[in-house]
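> Sequence plus predicted model, see below.
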Amino acid sequence: MAESRLETVDMFINMGPQHPSTHGVFRMVLTIDGEQIVDMKPHIGYLHRGVEKLAEGLRYREVTVLLDRTDYLAALNNELPYVMALEKLLDVKVPERAEYIRVLVCELNRIASHLMFYGAFGADAGATTPFMYAFRDREEIQHFFEAVTGGRLMHNYFRVGGVRYDLPEDWRERLTKLIPHLRKGIVDCERLLSDNEIFLNRTIGVGQISAADAIDYGLTGPNLRACGVRLDLRRDQPYSVYPKLEFDVPTRSRGDCYDRYLLRVEEMRQSLRIVEQCLEQMPDGPSLGEVPRVIRPKEGEVYVGTENPRGEYGIYLVSRGGDYPYRVKVRAPSFCNLMALNEMMRGCYIADCVLILGSIDIVLGEVDR
Amino acid sequence: MPEWVESIIRVAIAIGFVLTTVLVLIWLERKVIGHIQQRLGPMRTGFHGFLQSPADAVKLLVKEDIIPAAADRWAFQLAPALVFVPIFLTVVSIPFTRTLVVRNLDLGLFYVFAISSISIVGIVMAGWASGNKYALLGSVRAGAQMVSYEIPLVFSILGVAMVAGSLNLETIVDAQRGLWYIVLQPVGMFIFLVASLAELNRTPFDIPVAESEVVGGPYVEYSGIRWGVFFLSEYANTFIISALAAVVFLAGWRGPLLPGWLWFLIKTYAIILIIFWFRATLPRLRIDQLMTFAWKLLLPLAFVNLLITGLYLVYDWPRWILFVASVAVLAVASRLVYVVGRA
Amino acid sequence: MTEEHSAHSVHTAPKKEPGPSLFPEMERLVAEVLSGIEVTSEQVVDEHAIIIDRKDLLAVCRRLKDNQRLSFDLLRCVSVVDYPNESVFQAVYHLYSIGLKHRMAVKTGIPYDDAIVDSVTSVWAGADWHEREAAELLGVEFRGHPNLRPLLLPDDFEGHPLRKSFKVPELDQARFRRGRE
Amino acid sequence: MNVPLVLFWVFGAASLTAGLLVVTSKNIAHAAFYLLFALVGVAVLFLLMAADFLALVQFLIYGGAIVVLLLFALMLTRIREGPVIVGNSQKPLAIVAGLALLALLLSVVFVTPWPKPATEAIQRIEVPVIGESLFTDWLFPFEIVSLVLLVALIGAIVIARSGDD
């Protein structure tokens, strides 16, 4: 007790791996001074299953099973770049109907994923109701998926040259019921949070990142567009039938939690537009093209990146002949987005740190792979 | 029967009533919030899940009571009692009707605040004794929040005491003959409701127990009946604060036709439902925003309210001036918050 | 980098068939920007790819990023592939320009016996975790990386699982079983 | 024996014990908790002496606020070493000061002309009386105290803000 100087002591706390708002098994070691965060060290890898190694032991057709389990909230969107990469290596034509079906389910999956974000973000901010609202609508989408792919979460639906099953007979009725339901759901969601004074105070100006920093860290998807950078691979590197569809790429300028939130709400509307157009334009024809019975691409490599709900989901596929892929590298958007976390968290409060993490919308399944 | 035996019987009845009320409140909250969120809430145990609360109580009673190795045993075990006892002591002075009251105290209003302030120590103690950093953080938050909000809370009610000229709850109700104090003291009522939400640690001020941040705060290490006691105290406190608001601002048992106790319950439950409604609608504030709100808005507002009430009393203004002035203050204040918040 | 290594200047994965470039314009532009650096073009299905020596990596990346007509400001991905037959790793950097909406790939070989390559974190901060991951899973060292601690695997994990020499018994069994069916 | 007397002895003994524990406890947080019990015991004694207002003030200010702030300071400042008092070099000084205070109190007890026991009922002090005497007889001390508190408040703010920039 020789030293009687009054001094506050920095405290370390382990947020995660078991914590309700780390959105999975993610751990942040926070150094805090009272309520303020002095330093943050992220720790990942708790969900690492070695997807890339496992893929080297599976045949080409079987790999989609693994990719479903990376970003499990947008499983269909993950399958897309892989089958596209394979189609490029094999030089296989995909029938137009299959392309439309792919875009249709991908966009629905995007809405489902963003709804999940909306609910979780509300919960992070301390509101309980958004979660329930979001899940009510997400459930409807999953019902539709169940009818189309047979699965609710893990679909394994896309095949080289098309999709596994054609749409069910009553898909038009189902979809025409689903679309207005979702449209109303989005309005409900917005009215609950978007103009709430407390919510605005909690999110505006929190977790800001500049456009230059965001690009430097390799942010993609809504997180980047919230900074004002209009990058959307559906438009900039057109694939599938997106060139034939009309949709806007919304951007915001401030790059804070609120912008990231609002941008995703707007994206749900745009996705709904795309879904509607798919409903109108859906051509007849086969849903699976002519594909060799044994998939054995010649030597070569290809990188395909597509616009996932969370950003660019890329597959770097290397073939050296044979039945097994030589190397499958997954460029997971959350993995890259998470790198910018430190930048966003500078000098924020503990309560903000939860919100910022939520606003990046990570899925640990794809961060760790 | 000696007086003190009668007192004990009265207290026992009051505590029994509050315990039953708590069970009803827990069920009601789950149902109300469930319906707001477009689900049903508990449905399986009894009619519309009415037996859910007793079932939960039994479950908590038979659950293992875990004391973590890192905990300070003595304080850890004592803390629930320290939260529970003061809150149940406050029931003593709440008048359900003129006759349905354990003990009508001259300083009734002051008594409630003074006694319930002790329970803060219980919460801080719980957090400290748990030997858990989240609990510690939560209890530091609870301490800061509850001490800060006690001040506007007390000041908000001072206006009523001035107008009624008494701290006796019965006298205050009697003084509201013809005109409820919600009309004369709208600012007071507003501050009272907001500040008591903070005292109760309820949404949007559930910062000390914030699930998504400090995972339950001071209570994170508690389980079984000790946790149940905290839970119980929270709802008992909700009921008491609402009852107090009903008595002080809504004229308690006064009302036409229906019996007094029914009026009292109707008013109390109306306030309780508003509190539940907040919980289903609002996100949570951040700790610094919470402090700013208390010190920079509520407290000055309470002072202005006191000033206006004082002027009204000294110069003997007509009642409508007090009403108009109060509403004007409230309007200006809310506008100010909006403008400053946007800047 | 020792003299010996720059002697066989491009450590590379199995050479692809040479052929006319699919992206002549890009090839010309890149060659112009990278004048003075030894560059080999490679045919990839849908983008222009170049192979460079690892000693030039940082310089190439800087020029590709800073040049106004290329401005590859987004590093999409860093992949490292193991080619045990050639005793070489190949690092592949997929680049994208947000403003100009074009893409390309930069590849460089890293020999087994000196598995070191320059870190590009100073060019794109986003290379950070990609390189950490590659260092951990393949055992390639990135010189100049600010923090090359393990990222994904448990602390006590030994070996580099993404190397071809790292065998996962369960996987091999599965292959074997299917082979006999 | 009547009920108030029993209560007096019980709570008197309790607050004395708690007070002793405050100074003997090795754990500084425990000491703070004992302090709460000592203060609450004193509040009950006030209540028994029909000084309702004083008792409630004791509850509110000392029980609810002071102890919480004390705990607060403990939590924020001394997390790493743990809240254990290792040794105290000021012990002799404290003994001297304590004895001096005891002498002072005892002299007050003996000098004061106490009323004859049980000759008259205890006078209940009403709140308006307290208010009036505060603002008439004791106005000057009252103002001095508020000034001191203001100075303390400003000092606290200055200290708290000095680390900012």
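Sure thing, it's come through.

> tell me the pLDDT at the residue in chain C that chain A sits nearest to?
With CB to the nearest CB, the shortest gap between chain C and chain A falls at residue C:126, namely 2.7 Å. Where C-beta positions appear, they are placed from N, C-alpha and C, glycine not excepted. Residue C:126 carries a pLDDT value of 86.

> surely it meets residue A:336?
Yes - between residue C:126 and residue A:336 there is a contact at 5.8 Å, judged by CB atoms under 8 Å.

> middle-most residue in chain C, spatially?
Geometric centre of chain C, nearest residue: residue C:91, 1.6 Å, by CA atoms, centre = their mean.

> State the helix or strand in which it lies.
strand C:88-96 (DSSP states H and E).

> what distance separates that strand from the centre of its chain?
Centre-to-centre, strand C:88-96 and its host chain are 2 Å apart (CA atoms, centre = their mean, to the nearest Å).

> helices or strands next to it in the packing?
Applying 3 or more CB pairs under 8 Å, 6 or more residues apart in numbering or on different chains; DSSP states H and E, one finds that strand C:88-96 contacts strand A:300-308, strand A:311-319, strand C:74-83, strand C:103-111.

> If it's not too much trouble, I'd like those exported to JSON lines so that mean pLDDT and mean neighbour count sit alongside each entry.
Listed next are the helices and strands packed on strand C:88-96 as JSON lines, based on pLDDT from 0 to 100; neighbours: other CB atoms under 10 Å in any protein chain shown:
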{"stretch": "strand A:300-308", "mean pLDDT": "88", "mean neighbour count": "25"}
{"stretch": "strand A:311-319", "mean pLDDT": "90", "mean neighbour count": "26"}
{"stretch": "strand C:74-83", "mean pLDDT": "89", "mean neighbour count": "25"}
{"stretch": "strand C:103-111", "mean pLDDT": "87", "mean neighbour count": "22"}
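
> Identify whichever of the ones you listed lies nearest to chain B.
Closest to chain B of these, according to CB to the nearest CB: strand A:311-319, at 23.9 Å.

> Show me what secondary structure element comes after the closest one.
Assigned by DSSP H and E, the successor of strand A:311-319 is strand A:327-331.

> Next, the angle from that following strand to strand C:74-83.
160 degrees (axes from the mean of the first three to the mean of the last three CA atoms, to 10 degrees).

> contacts for strand A:327-331?
Defining contact as CB atoms under 8 Å, 6 or more residues apart in numbering or on different chains, one finds that strand A:327-331 is touched by A:51-52, A:55-56, A:63, A:67, A:70, A:82, A:305, A:312-318, A:366, A:369, C:76-77, C:79, C:81-82, C:94.

> Give the buried residues for that strand.
The neighbour-count criterion (16 or more other CB atoms under 10 Å in any protein chain shown) identifies A:327, A:328, A:329, A:330, A:331 as the buried residues of strand A:327-331.

> try stretch B:36-47
Across stretch B:36-47, burial judged by 16+ other CB under 10 Å covers B:36, B:37, B:41, B:42.

> excluding its backbone neighbours, what's nearest the first one?
Across the structure, with CB to CB, 6 or more residues apart in numbering or on different chains as the measure, the residue nearest residue B:36 apart from its sequence neighbours is residue B:280 (4.1 Å).

> about what we covered before: can I get the helices and strands packed on strand C:88-96 in JSON lines with distance to chain D?
Listed next are the helices and strands packed on strand C:88-96 as JSON lines, based on distance: least, CB to the nearest CB, whole Å:
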{"stretch": "strand A:300-308", "distance to chain D": "43"}
{"stretch": "strand A:311-319", "distance to chain D": "38"}
{"stretch": "strand C:74-83", "distance to chain D": "38"}
{"stretch": "strand C:103-111", "distance to chain D": "46"}
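
> Please name whichever of those strands is nearest to residue B:195.
Closest approach to residue B:195 among those (CB to CB): strand A:311-319, 44.2 Å.
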